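Q: sequence-free structure coming up:
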């Protein structure tokens, strides 16, 4: 594809490292994925990633040179310094200067961003949020991530992180979050939170079709059960939808957004959650009528952060 | 003041109409105020306002011509069309094309904005928010208004209104709001809401120093009582502070702001509320540490919207 701008994109997750060669429009020209555990320690993992990215780039685009690399990382990052301060799900990752490591190894500029923010940019560029100026994205995974697009740009705010929608507190909820705080949205809408509620309900003798070991129930099993009409799983998803709708009501009343995109693994339950999300929002929304706004399921799946890399690098001037 | 840019500013309230001749920096060169009830009906009021503005301008600045007029209005407005759709506290104001009426009468351009937004711009330009890029303002009055400054600009969002912080729902609160919805922040933090709670508590026999007719208690009386250690009034203000802190936790976690400014008549109780606001925020804030953010009382008082007019008109290119 001579003459066309290409970028490299990297999504470092707790389980897999995904990489892609992408166009400015977010089209993925080449893709690779390998288990994060293959790289023991930050430096070894960084070297492995660099080798994979080089192979990807040489294999798919021998003539052209990608203009820059966007790195998506979970946990707590320092965007400007290009440092992953802590990634709780990647052993040993503390204060890793990932941007410097990568740009040195590949000899191209690199930019670091939170993975949930890259997800939001991806859905905005060519997914469910295409054409929307003002939107929020929730990623329902192990936790609940968030990304905010305001006037077509990723919102970062004043300090290290913004769009921490998973840690917006729910009134009247006393569940303790992984972050140590109480009543965060994440405690009822994340995969871990929903599974914990299911376990408690099973232990309390609540009616369910589930027949396995209660300790092993997860959202995947609950999805199957809900499809078969399991009242327990349906109630958990309904509760998560209500909590999401409650938080989104506040977010929309504050920012007057057009769209909320719900993605991540937990969005497999979108159809079970959406009615409750909308019902709660219809009771609290003041900045628009319900037919002016939308709540949509993410359209790009797990590759959204790679797609979002194109938007991030374009916005950064590459 | 030859050579200096001046603007006209107008703040149409339910009780008074305030007007000012202001500099670009927000300095008020001349000021006037008269009871809103002096103008019977929108057209008569508009004519009266125009006459007052002309007198203000000619009296204070006979040589110069103000570049534009900023109009602050309460209720529901259509910013771009310059129409006050409905102002519940001003009898007869429905679909008033105030911008056209004023610019025709004065022969200068006019821009319409929500009064709570003008308040936010005023505190940002030369009040408690001076020098802050990202901040939110709450005005505790009859209702609870809000204004949001993002990257030094007023945030409007996708639809007719944004920053409706008074209608962000509180979980676990079932009080009915003036807007008809349930659990809005306004139900516990507005002057009307706080007085209603006080009346209920007096009726329920709660300990208080208040000796008057319970139906007549208002936040002004409660301020006096609180200063004398009245447990009932102190509890109402504490509850309002907790609710504000709860909502601000969510707002700060979403937007990563630096500052919240609390103004309006109810901010007379700022010192009674602030400890609860900060205590709740310290339990829920994830986007910054408590020493990176501030919650401050508004510094400009009732003239903040007139000051904000200067920022609005500068931003609009005048």
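A: Sure thing, it's come through. Quick caveat: nothing in here was measured; it's all calculated off a predicted structure. Numbering: from 1, shown residues only, chains lettered A, B, ... in the order given.

Q: which residues touch residue A:313?
A: Residue A:313 makes contact with A:7, A:67-68, A:70, A:111 under the criterion C-beta atoms under 8 Å, 6 or more residues apart in numbering or on different chains. All C-beta spots, glycine's among them, are computed from the backbone N, C-alpha and C.

Q: what about it, which SS state?
A: helix (DSSP: H, G, I helix; E, B strand; the rest coil).

Q: skipping its backbone neighbours, what lies nearest the residue of the stretch 201-318 of chain A found nearest chain B in space?
A: Relative to chain B, the nearest point of the stretch 201-318 of chain A is residue A:256 (2.5 Å; C-beta to the nearest C-beta). Counting by C-beta to C-beta, 6 or more residues apart in numbering or on different chains, residue B:157 is the residue found nearest to residue A:256 once chain neighbours are left out, at 2.5 Å.

Q: same question for residue A:187.
A: That would be residue A:175: by C-beta to C-beta, 6+ apart, it lies 3.8 Å from residue A:187.

Q: also residue A:130?
A: residue A:124 (7.0 Å).

Q: quick check: that neighbour touching residue A:314?
A: No. With contact defined as C-beta atoms under 8 Å, residue A:124 does not count as touching residue A:314 (11.8 Å).

Q: comparing these two, which shows the higher neighbour count?
A: More crowded of residue A:124 and residue A:314, by other C-beta atoms under 10 Å in any protein chain shown: residue A:124, with 28 against 19.

Q: for the stretch 1-150 of chain A, what spans make up the strands?
A: A:6-12, A:16-23, A:28-35, A:69-73, A:76-78, A:83-86, A:94-96, A:110-114, A:135-140, A:144-150 (DSSP state E, counting those that start in this stretch).

Q: got a list of what residue A:72 touches?
A: Contacts of residue A:72 (C-beta under 8 Å, 6+ apart): A:9-12, A:113-115, A:117-119, A:305-306, A:308-309.

Q: show me what it is bridged to.
A: residue A:11, residue A:113 (DSSP bridges).

Q: up against chain B, what does the stretch 151-300 of chain A have?
A: Within the stretch 151-300 of chain A, the positions lying close to chain B (C-beta under 8 Å from any C-beta of the partner chain) are A:155-165, A:167-173, A:179, A:181-184, A:246-247, A:249-251, A:253-258, A:283-284, A:286-288, A:292.

Q: buried ones among those?
A: A:155-165, A:167-171, A:173, A:181, A:183-184, A:246-247, A:249-251, A:253-258, A:284, A:286-288 (16 or more other C-beta atoms under 10 Å in any protein chain shown).

Q: for the nearest residue to residue A:176 once chain neighbours are set aside, what are its contacts?
A: Spatially, and ignoring its direct neighbours in sequence, residue A:176 is nearest to residue A:182 (5.7 Å; C-beta to C-beta, 6+ apart). Taking C-beta under 8 Å, 6+ apart as the criterion, residue A:182 is in contact with A:169, A:173-176, B:283.

Q: okay, which residue is most central for chain A?
A: Nearest to the geometric centre of chain A sits residue A:116, at 3.6 Å (C-alpha atoms, centre = their mean).

Q: how about that one, nearest residue that isn't a chain neighbour?
A: Nearest to residue A:116 is residue A:145, by C-beta to C-beta, 6+ apart, at 3.0 Å.

Q: what number of residues lie near the one you found?
A: Using other C-beta under 10 Å, residue A:145 has 25 other residues around it.

Q: just give me the neighbour total for residue A:272.
A: Using other C-beta under 10 Å: residue A:272 sits among 20 other residues.

Q: thought residue A:239 was touching it, still the case?
A: No. Counting by C-beta under 8 Å, residue A:272 sits too far from residue A:239 to count as a contact (10.7 Å).

Q: residue A:68 - how many residues pack around it?
A: Neighbour number of residue A:68 under other C-beta under 10 Å is 22.

Q: who's in contact with it?
A: Residue A:68 neighbours (C-beta under 8 Å, 6+ apart): A:7-8, A:108-111, A:313, A:316, A:318.

Q: same check on residue A:136?
A: Residue A:136 neighbours (C-beta under 8 Å, 6+ apart): A:120, A:146-149, A:163, A:165, A:248, A:251, A:255, A:257, A:259-261.

Q: as JSON lines, those residues with pLDDT and distance to residue A:49 would be great.
A: Below are the contacts of residue A:136 laid out as JSON lines (pLDDT from 0 to 100; distance: C-beta to C-beta, whole Å):
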{"residue": "A:120", "pLDDT": "97", "distance to residue A:49": "23"}
{"residue": "A:146", "pLDDT": "95", "distance to residue A:49": "26"}
{"residue": "A:147", "pLDDT": "96", "distance to residue A:49": "23"}
{"residue": "A:148", "pLDDT": "97", "distance to residue A:49": "28"}
{"residue": "A:149", "pLDDT": "97", "distance to residue A:49": "27"}
{"residue": "A:163", "pLDDT": "93", "distance to residue A:49": "26"}
{"residue": "A:165", "pLDDT": "96", "distance to residue A:49": "29"}
{"residue": "A:248", "pLDDT": "98", "distance to residue A:49": "35"}
{"residue": "A:251", "pLDDT": "98", "distance to residue A:49": "34"}
{"residue": "A:255", "pLDDT": "98", "distance to residue A:49": "36"}
{"residue": "A:257", "pLDDT": "98", "distance to residue A:49": "35"}
{"residue": "A:259", "pLDDT": "98", "distance to residue A:49": "33"}
{"residue": "A:260", "pLDDT": "98", "distance to residue A:49": "32"}
{"residue": "A:261", "pLDDT": "98", "distance to residue A:49": "28"}
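
Q: can you redo those as a markdown table with distance to residue A:215?
A: Listed next are the contacts of residue A:136 as a markdown table, based on distance: C-beta to C-beta, whole Å:
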| residue | distance to residue A:215 |
| --- | --- |
| A:120 | 34 |
| A:146 | 29 |
| A:147 | 33 |
| A:148 | 36 |
| A:149 | 39 |
| A:163 | 33 |
| A:165 | 29 |
| A:248 | 32 |
| A:251 | 34 |
| A:255 | 40 |
| A:257 | 39 |
| A:259 | 38 |
| A:260 | 33 |
| A:261 | 33 |
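
Q: what's the closest non-adjacent residue to residue A:105?
A: Using C-beta to C-beta, 6+ apart, the closest residue to residue A:105 is residue A:50 (3.6 Å).

Q: dihedrals phi and psi, the residue in the stretch 1-150 of chain A positioned nearest to chain B?
A: Residue of the stretch 1-150 of chain A nearest chain B, by C-beta to the nearest C-beta: residue A:134 (4.8 Å). Backbone geometry at residue A:134, expressed as degrees, to the nearest 10, gives phi -130, psi 110.

Q: next, count neighbours for it.
A: Around residue A:134 there are 23 residues (other C-beta under 10 Å).

Q: quick one: it from residue B:167, how far?
A: Distance, residue A:134 to residue B:167, using C-beta to C-beta, to the nearest Å: 18 Å.

Q: that older thread, distance of the residue nearest to residue A:116 from residue B:285?
A: Separation of residue A:145 from residue B:285 (C-beta to C-beta): 18 Å.
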